[in-house]
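**Q** starting from these lines, generate the structure:
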Amino acid sequence: MEAVLANANRTAKRKGAAGTMGRMSPKPAEWYAFDDKDQATTDWYPQGLTGSDDSGNIGIPAFLVSWYFRPEAGERGIRVSFLSPQSLKYQHALLVVAKPDGSYGPIDIHAGGIACFGDLLYVADTVRGLRVFDLNNLLDLRTVQNDLGESGRIGRHGGKLHAFGYRYIVPQTDFWKVAQAGPHFSFVSIDRGGATPRLITGEYRESDPGGWVARWGLDLRGGEPEDAFVLGHPKIQGAASRGGKWYLSQAADSVTNGKLLVHEGETLKTRPFPIGPEDLSVQGGRLWSVTEFKNKRTIFGVSL
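**A** Residues are numbered from 1 along each chain as shown. From the prediction side, this is the model:
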């Protein structure tokens, strides 16, 4: 992670893409906008968010953001951005899955939520469960060859490694699969509010308030959550829990502000949120999220 950020080739802008905030008042205490190229693309959309506080192992402050590739033709899968809030530098890496022939390919999922604990990155695979990536296995293609290969190719071809022009790839190393049909894994986060850290997963439903959220032991032993709840709201894109409170991000559309729903026991409070909020993560004593829409792509933090 430290090496990737030391070589980061993109620069975020502090409090850029201000249109993301819409009518939100007060505005977030802090936010970082992706660069102009990442703001303008209609190919990639940010979804999941986690960071160094979730991990506990990353030696410098950092955010990790997952993106999915939208076009159906020429699938390029999912990627993760590593961003330093200190330097504002960031770098994309492509997440890949190994093939039996010794090559690798893209992963065609939505990657709606991510969570990092220790060296492991958990990525939500909506209908299948959780894909796991070991950040110790992050590979710099420039250490194994002089160039990055062809930007239109993926995998091993003629003895050379390709990753659509990306310098870094992270291979999948594990998979927690849903044993039978059940709730979807739309988003994930880490709950470090108790004596033992737990993994939070939840289910997005477009117009149905019957989606669920659950907390699991991080070893996922036994295959059952420690507790689970019905969300009671549609369009929930992320969830976090701290100190007896549940925080839920609720989306609207590309021009309408979302909402932060805060449940404490039977009490519900609604707080203002930017346009297009997604996954949630607690970092540095603040609640952070990422926004997805074109020219409105930021990582932002608000008080808990």
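**Q** the residue nearest the centre of the chain and Glu264: what is the separation?
**A** Per C-alpha atoms, centre = their mean, the C-alpha nearest to the average position across the chain is that of Gly48, at 1.8 Å. Going from Gly48 to Glu264 by C-beta to C-beta, to the nearest Å gives 25 Å. C-beta here means a position set from N, CA and C on the backbone, and glycine is covered the same way.
**Q** same check, this time on Ala239
**A** Here the criterion is C-beta to C-beta. By it, Ala239 lies 14 Å from Glu264.
**Q** ok, Asp119 next?
**A** Distance from Asp119 to Glu264, by C-beta to C-beta: 33 Å.
**Q** phi, psi of the residue of the chain most remote from its centre?
**A** Distance from the C-alpha centroid of the chain, by C-alpha atoms, centre = their mean, peaks at Gly158 (33.4 Å). Main-chain torsions, Gly158, degrees, to the nearest 10: phi 60, psi 30.
**Q** what does Asp53 give?
**A** Torsion angles, degrees, to the nearest 10, at Asp53: phi -70, psi -40.
**Q** which residue, other than its chain neighbours, is closest to it?
**A** Excluding its sequence neighbours, the residue lying closest to Asp53 (C-beta to C-beta, 6 or more residues apart in numbering) is Gln283, at 4.5 Å.
**Q** beta partners for the one you found?
**A** Arg286 (DSSP bridges).
**Q** what number of residues lie near it?
**A** 19 (other C-beta atoms under 10 Å).
**Q** tell me the contacts of the residue farthest from the centre of the chain?
**A** With contact set as C-beta atoms under 8 Å, 6 or more residues apart in numbering, Gly158 has no partners.
**Q** mind checking how far it is from Asn137?
**A** 24 Å.
**Q** just checking, the residue nearest to the centre of the chain touches Cys116?
**A** No: taking contacts as C-beta atoms under 8 Å, Gly48 lies outside contact range of Cys116: 10.0 Å.
**Q** can you list residues touching both of those two?
**A** With C-beta under 8 Å, 6+ apart, Gly48 and Cys116 have common neighbours Leu64.
**Q** quick check: the residue nearest to the centre of the chain vs Val290, distance?
**A** For Gly48 relative to Val290 (C-beta to C-beta), the value is 8 Å.
**Q** in the stretch 1-150 of the chain, which spans are strands?
**A** 10-11, 13-14, 30-33, 44-51, 63-69, 78-83, 89-98, 104-106, 114-117, 120-125, 129-134, 139-140 (DSSP state E, counting those that start in this stretch).
**Q** in TSV, list these along with distance to Pro272 and mean pLDDT.
**A** Formatted as TSV, the strands of the stretch 1-150 of the chain follow (distance: least, C-beta to C-beta, whole Å; pLDDT from 0 to 100):
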stretch	distance to Pro272	mean pLDDT
strand 10-11	28	98
strand 13-14	21	98
strand 30-33	14	98
strand 44-51	19	98
strand 63-69	22	98
strand 78-83	24	98
strand 89-98	27	97
strand 104-106	37	95
strand 114-117	25	98
strand 120-125	26	97
strand 129-134	31	96
strand 139-140	41	93
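**Q** which stretch among these approaches Tyr247 most closely?
**A** strand 44-51 (12.8 Å; C-beta to C-beta).
**Q** the closest one versus strand 120-125: what angle between them?
**A** Angle, strand 44-51 to strand 120-125, by axes from the mean of the first three to the mean of the last three C-alpha atoms, to 10 degrees: 140 degrees.
**Q** how big is the angle separating strand 44-51 from strand 89-98?
**A** 100 degrees.
**Q** now do the contacts for Arg271.
**A** Neighbours of Arg271 in contact, by C-beta under 8 Å, 6+ apart: 259-262, 302.
**Q** partner strands of the particular helix or strand that has it in it, parallel or antiparallel?
**A** Arg271 is located in strand 267-275, with elements delineated by DSSP states H and E. Next to strand 267-275 in the sheet, as set by DSSP bridges, lie strand 257-264 (antiparallel).
**Q** how far does the partner strand sit from its chain's centre?
**A** 19 Å (C-alpha atoms, centre = their mean, to the nearest Å).
**Q** do the same with stretch 84-104
**A** 13 Å.
**Q** got it, and stretch 15-28?
**A** 21 Å.
**Q** likewise for stretch 32-49?
**A** 12 Å.
**Q** same check on stretch 48-63?
**A** On C-alpha atoms, centre = their mean, the centre of stretch 48-63 falls 12 Å from the chain's centre.
**Q** quick check: end-to-end length of it?
**A** 10 Å (C-alpha to C-alpha, to the nearest Å).
**Q** re earlier: more crowded one of Asp119 and Glu264?
**A** Neighbours were counted for Asp119 and for Glu264 using other C-beta under 10 Å; Asp119 has more, 16 against 11.
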